[in-house]
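Chemist: A predicted structure for the sequence below; I have some questions about it.
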Amino acid sequence: PCFMRKMLGTLVPLSIFAVWVMVVELYTVPKLLTVFLIDPVDFHIYRLAGEALNHGRSLYSGDFLPGLPFTYPPFAGTLFRVLPLISPLEGTIMWQGLNALGLLIVLWLIYKEFLPALFLTIGSLGFDAIHGSFFYGQINLVLMFLVALDFLPKNRNRWAGVGVGLAAGLKLTPAFFIIIFIIERRWRAVATTIGTFLLTVFIGWLFVPDATRFWTWAIKDSSRVGIHANPGAQSLRSVMERVLHIPQWWLVAVIIVFALVILAIWLAVRRNDMGWAMVLGGIGACLVSPFSWFHHWVWIIPLFALLTRNLGRSNLQQFATTIASFALLAPHMTYFVSPHTATSLDPNNIWYLGTGLMIIVGYCVYGIFGQYGRRRTETRRQAGETDQALSDTSPQSSHPQPDTTNHAAETAPADVGNQHLCR
């Protein structure tokens, strides 16, 4: 097909990487660490939470597994009530398939083609965020899909905000994306997001006995999610406390990074590139959140797609861009795929989070200077058109003669015809 020839420079390295990742996953990764586990631990907690509600028990009074309480809003627990009704095997297949399908659709909406989206979906298992999401049976990719429905479709309809509102009702962090609607001044979408979220709060309050306990107590205790000393904790606060040992500067760093994220999203919105606005918002949320696990960084995969999508580049340029994208995101690759570059679970790691900071700052620099360059080019073009117009309208002499050129040109066909008839 034509699109395959146009995207050959991206498809070839993506397909090779996808095959390599599957070989590693099937034959190198220890069975206890593979993504093909039945009833993975977080999914198991989701099932236990649903079972507790089905038997009239509370969600937030204790741990479901040692050291692992239920940390999601009541609305999530309400939806999880259906999970105990099917077997662990069937539930795992359904849950993991739903996550994989959500990721595939998000990448298809960016690439606008199926094959590169498929290859990157498979290859994404070679990145810690995606591998971790499937290994634990997390909900992250479902949330990303819901958010993407509000930003990636070509025709963003009047229901924009429902996806973000539902995602925030399942896990609070996606509420960060309302900032994009505010920057766009899409007040209806802002209202829809808030209304949808409040509806999820009401539903959770109806069906969860201790829903009030979550909103008055559990929501304020970030230690229920995890501890900053854990190498898998990858927010600004965690890295500044664990690696840099300057937790007292956390709020200052958050304010600076938040301002940069707002600037980057504003630049993306001005360019009408909602894919970039969404990804920048996702990375920003991971950075400024009080606590982010490494598997929350699923946004690096749509980032990879944005970097490698076909924008009229030659195949050689596409190939170079794809290889450069792999190099940029090497700190996010799993140890099994890239043992010499992976640092995501190193206690002293800073590059996992540092990559996100580089993307935010890099987009700001690109957006500002790129916009300045485009303005200069447009100004020069308009100046050239003005000079040309003045030149065309300037008098040829102090005593202009009647111009019969146009008249001659207009009457030439008729004259030629008359001459032919005369002959």
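Modeler: Cool, the structure landed.
Chemist: CA atoms for contacts and neighbours, from now on please.
Modeler: Fine.
Chemist: and the strands in the stretch 301-423 of the chain?
Modeler: With DSSP state E, counting those that start in this stretch as the definition, the stretch 301-423 of the chain shows no strands.
Chemist: what segments of it are helices?
Modeler: 315-328, 351-393, 405-422 (DSSP state H, counting those that start in this stretch).
Chemist: where among those is average confidence lowest?
Modeler: With a mean of 42, helix 405-422 has the lowest mean pLDDT of the helices of the stretch 301-423 of the chain.
Chemist: which residues touch Val208?
Modeler: By Cα atoms under 8 Å, 6 or more residues apart in numbering, the contact set of Val208 is 53, 58-59, 74, 77-78.
Chemist: before we move on, what about Ala259?
Modeler: Per Cα under 8 Å, 6+ apart, neighbours of Ala259: none.
Chemist: check the secondary structure at it for me.
Modeler: helix (DSSP: H, G, I helix; E, B strand; the rest coil).
Chemist: whichever of the contacts of Val208 end up buried, select them in PyMOL.
Modeler: Command for PyMOL that selects the buried part of the contacts of Val208, burial taken from 16 or more other Cα atoms under 10 Å:
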select buried, resi 53+58+59+74+77+78
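Chemist: next structured bit after the one helix or strand Ile178 maps to?
Modeler: Using DSSP states H and E, Ile178 sits within helix 178-184. Sequence order places helix 187-207 as the next helix or strand after helix 178-184, per DSSP H and E.
Chemist: contacts for that following helix?
Modeler: Residues contacting helix 187-207 (Cα under 8 Å, 6+ apart): 73-78, 158-166, 168-169, 178, 181-182, 211-212.
Chemist: just checking, Trp276 touches Leu306?
Modeler: Yes: using Cα atoms under 8 Å, Trp276 is in contact with Leu306, at 7.2 Å.
Chemist: quick one: least confident helix or strand in this protein?
Modeler: helix 405-422 (a mean of 42; mean pLDDT, DSSP states H and E).
Chemist: neighbours around Arg186, how many?
Modeler: A count of neighbours around Arg186, defined by other Cα atoms under 10 Å, yields 14.
Chemist: nope, Ile219 is what I was after
Modeler: Ile219: 15 neighbours (other Cα under 10 Å).
Chemist: do a quick rundown of the helices in the stretch 1-150 of the chain.
Modeler: 2-6, 8-27, 41-54, 74-79, 88-111, 114-123, 128-136, 140-148.
Chemist: packing partners for the longest one?
Modeler: If you count contacts as 3 or more Cα pairs under 8 Å, 6 or more residues apart in numbering; DSSP states H and E, helix 88-111 packs onto helix 114-123, helix 140-148, helix 300-308.
Chemist: tell me the mean pLDDT over the helix holding Ile178?
Modeler: 96.
Chemist: quick one: it to chain centroid distance?
Modeler: Centre-to-centre, helix 178-184 and its host chain are 15 Å apart (Cα atoms, centre = their mean, to the nearest Å).
Chemist: same question, stretch 10-24
Modeler: 21 Å.
Chemist: flag every buried residue along it.
Modeler: So for stretch 10-24, counting by 16+ other Cα under 10 Å, buried means 10-15, 17-18, 21-22, 24.
Chemist: likewise for stretch 87-102?
Modeler: 88, 91-92, 95-96, 98-102.
Chemist: what about burial for the contacts of helix 187-207, which qualify?
Modeler: Buried among these (16+ other Cα under 10 Å): 73-78, 160-166, 168-169, 178, 181, 211.
Chemist: related to what we said a few turns ago, out of the helices and strands packed on helix 88-111, nearest to Leu287?
Modeler: helix 300-308 (12.8 Å; Cα to Cα).
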